[in-house]
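Q: sequence and predicted structure, then a few things I'm wondering about:
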Amino acid sequence: MARSETLRSYFRASAFDSGELWTESAGGGWATAIVALLLVSWRLLRLFYSRRIQRASWAQGSFEDSALIASSGGGSSSGVSEIISDADLRDLMISLDRNLEGDDRWEHVIDRSNDLVSYKAKCYRPKDEPLKYHSVTTFENCSTELLRDFYMDNEYRKVWDKILIQHKQLQVDEDSGIEIGCSMKKFPLLTPREYVLAWRIWEGKDKTFYCLIKDCEHPLAPRQKKYVRVRFYRSGWRIRQGKQLSVAVPGRDACEITVVHQEDAGLNVEMAKLTFAKGIWSFVSKTNSALRGYSSHPSRSVLVPALLRLIKKVPSDLEPCDETRTQETRQSEVDIPKRNSISAATKWIANGLLVAGGIIFLSRGRATTIGAQLAAACMLSKFMPHGAEFDQADRTRSRPDRRKARRVG
């Protein structure tokens, strides 16, 4: 009993009235209210900012950032026609025309040539995405039609490209011009990779051709344990000739193919870069040799009639004059950092106001209430050490789900 009385006495002596937290000074109520208002404003600003970025990310749907996966629930043409659109073509055109010379993000990979073919490539690794390659291959004494047919002929590719184990056509939609196929490729010392891809080809002015290829799923290509399914694949190219070449020379009989390419085959990034740099010129030389023998190969006579039925015309509004295209490309390059800088400035202003307000309240000492100081300290302790984590969380929430599928059928 005596021990209980002693404990009660101890707690009475050490306890304090909770009202002391909020009524220590005359202005304490206002200080507490202001700090609470700052905390609420901070939360609302973060919520508004993250949702605005999320809406922008969904609206972009660009070739570099979109990750549409078309999941087939059936074989209907209506579903297939939605896999690749003219909007994808526009984004591809912008990516192909982008000037990389002044962009430090792009690393030089290779620049080699001989009398019949030249090849140059750069690579860049976007945040949270696979390596992106931009390459230009120029073939002398070659027409755009021949090069187009060569790149679209998967049967002939099985003859000259020993990496390709198997290829089969899964579905063709002549209304949209989209074809779906499945390929298996060798990966030295690794499990072979399986690609289920959809592609579409367009013809523009002056015999210029565009092709966009992306990964998808199809009911006729179930996953197999002996292959690793490549889950992310984005590739596109443009074939052109004559005065449209990157290096135009009067009287030159040549055409070039410009490629932008991304894929995630499950390889280490540095290993993939090294393998590409060491082996690509040998592959380009082999490609050139195969191209020279293609015009007389029997498979071309079978391919061309079917291919011509699938080729669509580039929409007129996507074929501006060269000057307009150049300005559009430059504007697209300028707009992105501008939006980022505005967003960054907005965040810095908001964060700066919060820090300044917190410091003012903390520095007033006894002039503010203990409750106000605790609230401000709590705000600063949450803000300062973990600011980077909040930013990362916002980016994670705002990034659209790359695996969200659109059903075919």
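A: Okay, I see it. Residues are numbered from 1 along each chain as shown.

Q: so for the longest strand seen in the chain, what's the average pLDDT?
A: Of all segments of type strand in the chain, defined using DSSP state E, the longest is strand 190-203. Average pLDDT, strand 190-203: 96.

Q: who does that strand touch, helix- and strand-wise?
A: strand 178-187, strand 209-215, strand 228-229, helix 298-310, strand 312-313 (3 or more C-beta pairs under 8 Å, 6 or more residues apart in numbering; DSSP states H and E). C-betas here are computed from N, CA, C, even on glycine.

Q: in that strand, what's buried?
A: 193-203 (16 or more other C-beta atoms under 10 Å).

Q: hmm, back to that, so for Pro130, which of the helices and strands packed on strand 190-203 sits nearest?
A: Closest of those to Pro130 is strand 209-215, at 11.5 Å (criterion: C-beta to C-beta).

Q: pairing partners for that closest one, with directions?
A: strand 190-203 (antiparallel), strand 232-241 (antiparallel) (DSSP bridges).

Q: what's in contact with it?
A: 63, 68-70, 83-84, 88-89, 92-93, 144, 148, 151-152, 195-204, 230-240, 311, 314 (C-beta atoms under 8 Å, 6 or more residues apart in numbering).

Q: before we move on, what about stretch 160-180?
A: Contacts for stretch 160-180 (C-beta under 8 Å, 6+ apart): 75, 77, 80-81, 83-84, 154-155, 157-158, 181-186, 192, 196-202, 216, 218, 220-221, 286-287, 289-290, 306, 309-312.

Q: tell me the buried residues within the residues you listed.
A: 75, 80-81, 83-84, 154, 157, 181-185, 196-202, 216, 218, 221, 287, 290, 310-312.

Q: endpoints of stretch 205-214, how far apart?
A: One end of stretch 205-214 to the other measures 24 Å (C-alpha to C-alpha, to the nearest Å).

Q: kindly report the same for stretch 221-229.
A: End to end - C-alpha to C-alpha - stretch 221-229 spans 10 Å.

Q: which ones are touching the residue lying closest to Lys207 once chain neighbours are set aside?
A: Leaving aside its sequence neighbours, Lys207 sits nearest to Thr144 (C-beta to C-beta, 6 or more residues apart in numbering; 4.7 Å). Listed by C-beta under 8 Å, 6+ apart, the contact set of Thr144 reads 207-209, 239-241, 255.

Q: TSV for the strands paired with strand 209-215, including distance to Ser113?
A: Shown next, in TSV, are the strands paired with strand 209-215 (distance: least, C-beta to C-beta, whole Å):
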stretch	distance to Ser113
strand 190-203	27
strand 232-241	17
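
Q: and Leu38, which of the ones you listed is closest to it?
A: Among the strands paired with strand 209-215, the nearest to Leu38 by C-beta to C-beta is strand 232-241 (42.5 Å).

Q: list the contacts of the closest one.
A: 63, 67, 92-93, 95-96, 130, 143-144, 147-148, 151, 195, 197, 206-215, 254-264, 402.

Q: pretty sure Ile84 is touching Arg200, no?
A: Yes. Look at Ile84 against Arg200 with C-beta atoms under 8 Å: they come within range, at 4.4 Å.

Q: bridging residues for Arg234?
A: Lys214, Gln262.

Q: is Lys273 in a helix, a strand, or coil?
A: Here Lys273 is recorded as helix under DSSP: H, G, I helix; E, B strand; the rest coil.

Q: got the contact list for it?
A: 109, 123, 131.

Q: which ones are touching the first one?
A: Remark: with contacts taken as C-beta under 8 Å, 6+ apart, Val109 is in contact with 121-123, 133, 273, 276-277, 280.
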